[in-house]
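A.B. asks: my questions are about this predicted structure, shown below with the sequence.
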Amino acid sequence: MSQPTIESILQEKRLFQPNPEFSQHAHIKSLDEYQQIYEKAKADPQAFWAELAETELDWFQKWDTVLDWQPPFAKWFVNGKINISHNCLDRHLTTWRKNKAALIWEGEPGDSRTLTYAQLHREVCQMANVFKQLGVQKGDRIGIYMPMIPEAAIAMLACARIGAAHTVIFGGFSAEALKDRLVDAQAKLVVTADGGFRKDTIVPLKPQVDKAIADNGAPSVENVLVVQRTKQQVNMEPGRDHWWHDLQAGASANCPPEPMDSEDMLFILYTSGTTGKPKGVVHTTGGYNLYSHITLKWAFDLQETDVYWCTADVGWITGHSYIVYGPLSNGATTLMYEGAPRASNPGCFWDVIEKHGVTIFYTAPTAIRAFIKMGEHHPKARNLASLRLLGTVGEPINPEAWMWYYRIIGGERCPIVDTWWQTETGGFMITPLPGATATKPGSATLPFPGILADIVDLDGNPVPHNEGGYLVVRHPWPGMMRTVYGDPDRFRRTYWEHIAPKDGQYLYFAGDGARCDEDGYFWVMGRVDDVVNVSGHRLGTMEVESALVSHPAVAEAAVVGKPDDLKGEDIVAFVTLEGNQKPSEELASALKQHVVKEIGAIARPGEIRFTDSLPKTRSGKIMRRLLRNLASGQELAGDTSTLEDRTVLDKLRGGA
Ligand code: WT7
C-alpha cells in the first residue's frame, strides 16, 4: 500500500503563448527546439553537460571524467581546472565587453555607481591581494556580512579568485545567527560594512559582528575588514579590524586567478528558517559555474544589451547565482539595489527600472503581492517600457498575482518566467524558456534540459497526471549541492532517504509537493510540511491561499492546519485586507464561501483571522510554523530569530 499523496485542487486554464517576435530572437526559439534539447539531454546527460561545459566556459585544464556518481555524492568534471572569477571577469577583458557595464549599483539614498568589466576586475584583484595579506589561503573560509553594495560582489569574487570559500550571511541576521554560521564554517576573516541604508534607516552591521565575535564567540576569526558605507561611528579594534579603503589603497591590481579543481568548494550557504544547528549547503566550482551560467542564459534569454535586475539579497542563493555568478559569467550587465520600497517612496523599484532602462526584472511573489497592496498608481506613474521579460521565484505564485504582474508591470508584453529551484539545487530546475514555453499562471511549467524531474509517492512510484505527490529529481545535475558542510550523513538523511531508492536509483527530494498536468506542466504546491489534512484529504495550503487572495478584499493570506477532532485538521486562514476594507463577520463568511466556490467545500476554512500583517522571514517567506502554533493555541516554539518584524507576533497573539 503506498502512502496517500497530496490532493491537488487548483485548476488554472489560462495559457499564454510565446510572442513570435520574442521567439525569433531568443536563444531557444520554439517548443520543438526545447523538446529536442530535452530529449537529447535525457538520453545522455553527461554528453549534454560536457558539451556545454566545453562551449560556455574557459577551463585551465580539461576534465577526464564528466560525472563520478557515488550516490548521493556527485563529482562533476573530475580533475578539470577552472576559476569562476576568471570566467566572470578575465575572459571578458579580451573582448569588446572590457568596457561594458558589469555592475550597475543604485544606493537607497540615490547615489549610484557603475563598474565596467575592467573596473570590476581591478577591484576584485586588489581585494584578493588584501585577503592574502590578511593571511587568507586557498581552502580557508571567509564570512561576508554586507549590505547590498558592490563590495559584497567584489568580496565574493575575490574569495573565488584565491580559492577561499565564502559564506555570505544575510545582513538582516542577528549577531547570534551570524556567530553560529561563522563558527560552523570556521571563518578566518569577516568582511562587513559599518552599516547599510534600508527603508530610510541605517542597518548597523559592524556592531553585530563585534557582538558575534566578542568573548571569543567565534575564535576562528582573525581579522575583520570593514567597508565604510554609512560613515556612522563604529568601534575599530586595533590589529583585528581594518578599513577596506585603507588596505585597497596599497594593494596591487595584479592577481592571477588560482587554478581550482572543479570540485573545490566555492561557497557554503546556510539555509534559512531551520531550527537547531544551521545547515551549510556546499556548492563547488565547475558544475556550479556551468549551471548558474546556462540556466540564466536560456531561462532569462540573456542578450548583450540587457540590463538585468534581480531584487534578491546577495545573502540568499538567488543573489549568488543570479546577481553575481550567472550574469557575470555570461558577460551581462547586472543591477544591484541597496534599498527597499518604503513609506517615503513606495515606487522606488519602478524609479530604478526607469532610471537604468532595466529590461529583465526578477523578484518574488511576496514582493508582487506587496506591490498590489501599495497600488498600481505607483508603477503606472513611471515609464516601464524598457522591460521585456519578468521573473518570479521563492514560493508558488498565486494566479491573481501572476496576472497583475503580467498586466501592470509587464504591460501584457513581457513573458513571465516562474522559476522553481532551491538553495540546494544551485540554479533553476523547472522554468519556462520564454521563447519556447507557453506559460500558465501559477505553473513553473517544464524542467530545464538535463533535469529529470518527476512526481512520485513515498515509495518512489510515479503518480498519475493531476495527482499531487513529491517532487523529485532522478539524475544528478552540475549545480546540485554536494554535501552539508561537515555533515555528509545529514545530507544523505535530509535529501535522499525520505523517498526510498528505487531499482538502485536515488531520488533527490527536498520537500516540495507538486502535481503535473496533462501537458507535463509542474504545479508546485509548496512544502510538504505546508499541507493540511482535512478529513483524510491532504490539501496544499497554497491553493487555499490562492483562492483567498483571488477575492478582491484580500491582500495576503496564510493558511495552516489546526488539530480537529472530527476532521483531523481544520483550516485556519490568516488574512490581511486591502487598504479600503474593514474586518467583519460578514466578510469572514463571504471569504469562506468564496473558498468553497473556488475549490470546494472540503477546503472551507473553519476560521478566518484578520490581521494587519503576517510573520515573515527577512527573505519574505511566511513563517507558517508560528501561525500553526498560534492557530492551535500552543506556545510559540522554536527559533524566531529570522522574523522580519517581531511586533507582528504580539499583535497576532493579542488581536486574534
Ligand atoms: C523553496 C526553496 C530558490 C531561491 C529562492 C528560495 C519554494 C522557490 C518556487 C517557485 C514554487 C518555489 C519551494 C522550494 N520555491 N521557487 N517558482 N514556485 N515554489 O530558495 O530558500 O532554498 O527555498 O522555495 O518550496 O523548495 P530556498
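C.D. replies: That came through, no problem. Numbering: from 1, shown residues only.
A.B. asks: and the residue in the stretch 451-600 of the chain positioned nearest to the ligand, what does it touch?
C.D. replies: Here the residue of the stretch 451-600 of the chain nearest the ligand is Val524; by Cβ to the nearest ligand atom that distance is 3.7 Å. Every residue, glycine included, has its C-beta placed from N, CA and C. Val524 makes contact with Pro396, Trp420, Ile430, Ala444, Leu471, Asp512, Gly513, Ala514, according to Cβ atoms under 8 Å, 6 or more residues apart in numbering.
A.B. asks: the third one - how many residues pack around it?
C.D. replies: A count of neighbours around Ile430, defined by other Cβ atoms under 10 Å, yields 26.
A.B. asks: try the fifth one
C.D. replies: Using other Cβ under 10 Å, Leu471 is surrounded by 28 other residues.
A.B. asks: just checking, what packs against the helix or strand where it lies?
C.D. replies: Following DSSP states H and E, one finds Leu471 within strand 469-473. If contacts are counted by 3 or more Cβ pairs under 8 Å, 6 or more residues apart in numbering; DSSP states H and E, strand 469-473 sits against strand 453-456, strand 508-516.
A.B. asks: pLDDT wise, what is the nearest residue to Phe22 once chain neighbours are set aside at?
C.D. replies: Nearest in space to Phe22, with sequence neighbours left out and distances taken as Cβ to Cβ, 6 or more residues apart in numbering, is Gly435 at 5.7 Å. Looking at Gly435, its pLDDT reads 98.
A.B. asks: what's the answer for Lys13, then?
C.D. replies: So Lys13 comes in at 81 (pLDDT).
A.B. asks: quick revisit: with distance to the ligand and pLDDT added, can I get the contacts of Val524 in a markdown table?
C.D. replies: Shown next, in a markdown table, are the contacts of Val524 (distance: Cβ to the nearest ligand atom, whole Å; pLDDT from 0 to 100):
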| residue | distance to the ligand | pLDDT |
| --- | --- | --- |
| Pro396 | 4 | 84 |
| Trp420 | 4 | 97 |
| Ile430 | 8 | 98 |
| Ala444 | 5 | 98 |
| Leu471 | 8 | 96 |
| Asp512 | 5 | 89 |
| Gly513 | 9 | 90 |
| Ala514 | 8 | 94 |
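A.B. asks: who in the stretch 51-200 of the chain is up against the ligand?
C.D. replies: Proximity of the stretch 51-200 of the chain to the ligand, by Cβ under 6 Å from any ligand atom, involves no residues.
A.B. asks: all helices for the stretch 51-200 of the chain, in order.
C.D. replies: Under the criterion DSSP state H, counting those that start in this stretch, helices of the stretch 51-200 of the chain are mapped to 84-85, 91-93, 117-133, 150-162, 175-185.
A.B. asks: export these to JSON lines and tack on mean neighbour count and mean pLDDT?
C.D. replies: Output for these, formatted as JSON lines (neighbours: other Cβ atoms under 10 Å; pLDDT from 0 to 100):
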{"stretch": "helix 84-85", "mean neighbour count": "28", "mean pLDDT": "98"}
{"stretch": "helix 91-93", "mean neighbour count": "18", "mean pLDDT": "98"}
{"stretch": "helix 117-133", "mean neighbour count": "22", "mean pLDDT": "98"}
{"stretch": "helix 150-162", "mean neighbour count": "27", "mean pLDDT": "98"}
{"stretch": "helix 175-185", "mean neighbour count": "21", "mean pLDDT": "90"}
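A.B. asks: let me have the ones you listed in CSV, adding distance to Glu543 as columns.
C.D. replies: Shown next, in CSV, are the helices of the stretch 51-200 of the chain (distance: least, Cβ to Cβ, whole Å):
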stretch, distance to Glu543
helix 84-85, 39
helix 91-93, 45
helix 117-133, 44
helix 150-162, 37
helix 175-185, 32
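A.B. asks: Ile84 and Val324 touch, don't they?
C.D. replies: No - look at Ile84 against Val324 with Cβ atoms under 8 Å: they stay out of range, at 9.5 Å.
A.B. asks: ok, Gly633 - how many residues close by?
C.D. replies: When neighbours are counted by other Cβ under 10 Å, Gly633 registers 9.
A.B. asks: so how far is the ligand from it?
C.D. replies: Going from Gly633 to the ligand by Cβ to the nearest ligand atom, to the nearest Å gives 27 Å.
A.B. asks: so which helix or strand takes in that residue?
C.D. replies: Assessed by DSSP H and E, Gly633 sits outside every helix and strand.
A.B. asks: rewinding a little: out of the contacts of Val524, flag the one nearest to Gly450.
C.D. replies: Ile430 (12.1 Å; Cβ to Cβ).
A.B. asks: quick one: that closest one and Trp523 touch, right?
C.D. replies: No - in this structure, Ile430 is not within contact of Trp523 by Cβ under 8 Å, at 10.0 Å.
A.B. asks: who touches both of these two?
C.D. replies: Joint contacts of Ile430 and Trp523 (Cβ under 8 Å, 6+ apart) are Ala444.
A.B. asks: what sits against the residue nearest to Phe22?
C.D. replies: Pro18, Phe22, Ser23, Gln24, His25, Ala26, His27, Ile28, Lys29, Ser30, Asp301.
A.B. asks: quick check: which element contains Val234?
C.D. replies: Using DSSP H and E, Val234 sits within no helix or strand.
A.B. asks: equivalent analysis for Arg653, please.
C.D. replies: helix 647-655.
A.B. asks: repeat for Ile353
C.D. replies: helix 348-356.
A.B. asks: can you list the buried residues in that helix?
C.D. replies: For helix 348-356, a neighbour-count test (16 or more other Cβ atoms under 10 Å) marks Cys348, Phe349, Trp350, Asp351, Val352, Ile353, Glu354, His356 as buried.
A.B. asks: what does that helix contact?
C.D. replies: Residues from elsewhere that reach helix 348-356 (Cβ under 8 Å, 6+ apart): 104, 106, 108, 307, 309, 311, 335, 337, 339-342, 345, 358, 361, 363, 371, 378-379, 381-384, 386-387.
A.B. asks: which of the residues you listed count as buried?
C.D. replies: Judged by 16+ other Cβ under 10 Å, buried ones among the contacts of helix 348-356: 104, 106, 108, 307, 309, 311, 335, 337, 339-341, 345, 358, 361, 363, 371, 378-379, 384, 387.
A.B. asks: after the helix or strand of the chain with the lowest mean pLDDT, next one along is what?
C.D. replies: Least confident helix or strand, the chain: strand 537-540 with a mean of 65, by mean pLDDT, DSSP states H and E. Proceeding N to C from strand 537-540, the next assigned helix or strand is helix 541-549, under DSSP H and E.
A.B. asks: mind listing what Ala164 touches?
C.D. replies: With contact set as Cβ under 8 Å, 6+ apart, Ala164 has these partners: Phe131, Val136, Gln137, Lys138, Gly139, Asp140, Arg141, Ile142.
A.B. asks: the closest residue to the fifth one other than its chain neighbours and Phe267, how far apart?
C.D. replies: If you skip the residues right next to it in sequence, Gly139 has Gly163 as its closest partner in space, 6.6 Å away by Cβ to Cβ, 6+ apart. Gly163 is 12 Å from Phe267, where distance means Cβ to Cβ, to the nearest Å.
A.B. asks: could you do Gly326 as well?
C.D. replies: Gly326 sits 14 Å away from Phe267, going by Cβ to Cβ.
A.B. asks: and those two? which has more neighbours close in?
C.D. replies: Gly326 (31 against 28).
A.B. asks: verify the assumption that that one is located in a helix.
C.D. replies: Yes - Gly326: assigned to a helix according to DSSP: H, G, I helix; E, B strand; the rest coil.
A.B. asks: tell me, what's the model's pLDDT at it?
C.D. replies: We have a pLDDT of 98 for Gly326.
A.B. asks: is it correct that it is in contact with Thr295?
C.D. replies: Yes - Gly326 lies in contact with Thr295 (Cβ under 8 Å); the separation is 7.0 Å.
A.B. asks: mind listing the shared neighbours of those two?
C.D. replies: In contact with both Gly326 and Thr295: Gly427, using Cβ under 8 Å, 6+ apart.
A.B. asks: please identify the most buried of the helices and strands packed on strand 469-473.
C.D. replies: strand 508-516 (a mean of 23; mean count of other Cβ atoms under 10 Å).
A.B. asks: cool, thanks, signing off.
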